[in-house]
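Chemist: make a model of this:
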Amino acid sequence: MLKATKVRLYPTSEQQKALAFQFGAMRWAYNFALDWRSSAYKERGERISKHQAQARLVELKAAEDTKWLKDADSQALQQAVMHLDDAFQRFFRKHGRYPRFKSKHGKQSMSYPQRVKVVDGNRLYLPKIGAVRAVLHRELTGKIKTVTISRTQTGKFYASVLCDDGVVAPDALRSVDADLISGIDLGLTHLVIESTGRKHKNPRFLKRAAQNLRRKQKSLSRKKKGSANRNKARVIVAKAYERTSNARNDFQHKLSRRLIDENQAVCVETLKVKNMLKNRKLSKHIADASWGELLRKLQYKAAWAGKHLVKIDQWFASSKTCSACGHKAEAMTLDVRHWTCPRCHTEHDRDINAAENIRQQGIIRLRRKGCPSLLVEACVTRKHFPQLPEKQEASSFRARSSHHGERAA
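Modeler: Numbering: from 1, shown residues only. The predicted model follows:
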């Protein structure tokens with residue numbers, strides 16, 4: 001398996017200057033390739049490949065005006081061009097926007113594809129830089145593949161070390177116990193609502209830090225542009241945002257780890273967060289909740305543990321469908337937090353009912369994936385069709401599940 005470990009670096013003043021030069025060279029190569037590809041297509045309709053851009057970098061090293069590129073790491077320069085090509089590929093697949101030019105202000109980064117090694121147990125050797133002191137809080141097991149060096153807006157240096165540990169990734173469980181399958185619904189008042197009824201409050205990290213951020217941003221806005229005091233104020237604001245981001249990441253890591261450890265399968269709904277952010281009244285709170293990042297953490301933690309993360313279609317009406325009898329309400333506004341099913345008269349908490357429906361749909365999808373557990377089949381049948389006698393459950397499962405829009409495996 002490939003696992004990345006992020007470690008803190010403490011370069012000396014000379015090493016910081018060398019890193020600043022390397023960051024500048026990578027930024028220049030990226031911006032040059034972007035300008036060349038964009039202008040060639042706009043002016044002549046010509047498409048420039050990444051191989052052409054990489055070959056052009058070699059030619060530029062021989063030119064008089066750009067011979068300073070020889071002092072930059074050659075492989076890191078090639079990686080910068082490859083990163084640009086990846087950005088274009090994401091844009092063509094409509095997974096991102098058109099690549100933008102990199103600025104010397106803000107976060108800086110560069111990648112080493114090889115030749116990085118651990119020295120003396122507490123240092124990382126970086127080409128063109130030397131051995132940099134690092135806090136290796138955990139052992140780096142396996143072969144080092146790629147190392148990405150970054151400098152945050154607060155001036156901190158980090159290294160993300162990607163290692164191949166040589167261990168085959170575990171296969172997902174073939175037999176899943178229905179009691180260890182959890183459905184979760186995402187919200188704003190409560191960040192995660194489990195099908196068991198347990199709710200995890202949304203810490204609202206950005207809202208808690210809003211007053212502090214407002215005061216520091218006002219101080220920054222009063223500083224003269226280009227002055228040393230403005231730069232100091234900018235760092236203060238960046239540190240405040242960094243603390244907020246770190247607190248959110250810590251909370252999500254602990255929550256996602258608990259969900260994966262306690263269950264064999266976690267069922268979640270897929271959300272179009274990009275579309276939801278168009279709601280001007282809720283966009284700030286949705287961005288603060290960071291649902292997408294939480295799902296990403298759940299996904300790779302489940303893959304590491306050999307467990308299932310089942311994603312339910314975004315159009316599935318989990319909130320307005322009765323989890324007891326399957327009755328679907330015609331409409332339900334967001335202010336309705338509790339409702340009673342008109343068919344079976346079951347009283348529902350909106351969020352817990354949605355989580356239970358997500359769990360039931362996840363169990364059906366697990367059957368499609370070939371999980372042969374009898375506990376799963378019995379649970380799905382009885383939850384969806386409680387009116388069936390026990391002896392008819394197995395024979396009627398396939399036909400009745402397809403009647404409700406799902407085809408059993």
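
Chemist: after the longest helix seen in the chain, which helix or strand is next?
Modeler: As assigned by DSSP state H, the longest helix anywhere in the chain is helix 228-262. For helix 228-262, the following helix or strand on the C-terminal side (DSSP states H and E) is strand 265-269.

Chemist: now that following strand and helix 228-262, what's the angle there?
Modeler: Orientation check (axes from the mean of the first three to the mean of the last three Cα atoms, to 10 degrees): strand 265-269 against helix 228-262 gives 130 degrees.

Chemist: show me what whichever helix or strand comes after strand 265-269 is packed up against.
Modeler: Scanning forward in sequence from strand 265-269 by DSSP H and E, the next helix or strand is helix 273-276. Taking 3 or more Cβ pairs under 8 Å, 6 or more residues apart in numbering; DSSP states H and E as contact, the helices and strands that helix 273-276 lies on are helix 283-289. Heads up, the C-betas are built off the backbone N, CA and C, glycines and all.

Chemist: show residues contacting the helix it packs on.
Modeler: Counting contacts by Cβ atoms under 8 Å, 6 or more residues apart in numbering, the residues outside helix 283-289 that touch it are 186, 188, 191, 202, 204-207, 248, 273, 276-277, 279.

Chemist: buried ones only from those residues, please, as a PyMOL command.
Modeler: The following PyMOL selection, which keeps only the buried ones among these, applies the criterion 16 or more other Cβ atoms under 10 Å:
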select buried, resi 186+191+202+204+205+206+248+273
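
Chemist: any chance of the contacts of helix 283-289 in CSV, plus pLDDT and distance to residue 342?
Modeler: Rendered in CSV, the data for these read as follows (pLDDT from 0 to 100; distance: Cβ to Cβ, whole Å):
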residue, pLDDT, distance to residue 342
186, 93, 27
188, 92, 28
191, 94, 31
202, 94, 31
204, 94, 35
205, 95, 40
206, 94, 40
207, 93, 37
248, 96, 40
273, 86, 33
276, 89, 29
277, 89, 34
279, 87, 29
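
Chemist: what is the longest helix of the chain packed up against?
Modeler: Under the contact criterion of 3+ Cβ pairs under 8 Å, 6+ apart, the helices and strands touching helix 228-262 comprise strand 181-186, strand 190-194, helix 205-208, helix 210-221, helix 291-305.

Chemist: make a markdown table from these and add distance to residue 26 to it.
Modeler: A markdown table is the format used below for these (distance: least, Cβ to Cβ, whole Å):
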| stretch | distance to residue 26 |
| --- | --- |
| strand 181-186 | 37 |
| strand 190-194 | 37 |
| helix 205-208 | 31 |
| helix 210-221 | 28 |
| helix 291-305 | 26 |
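
Chemist: deepest of those, which one?
Modeler: Ranked by average neighbour count under the criterion mean count of other Cβ atoms under 10 Å, the helices and strands packed on helix 228-262 are headed by strand 181-186 at a mean of 26.

Chemist: so where do the strands sit in the stretch 1-150 of the chain?
Modeler: With DSSP state E, counting those that start in this stretch applied, the stretch 1-150 of the chain shows strands at 2-10, 108-112, 117-119, 123-126, 130-135, 143-151, listed in chain order.

Chemist: right, and the ones you listed - which one's nearest residue 165?
Modeler: Each of the strands of the stretch 1-150 of the chain was scored for nearness to residue 165 using Cβ to Cβ, and the closest is strand 2-10 (6.2 Å).
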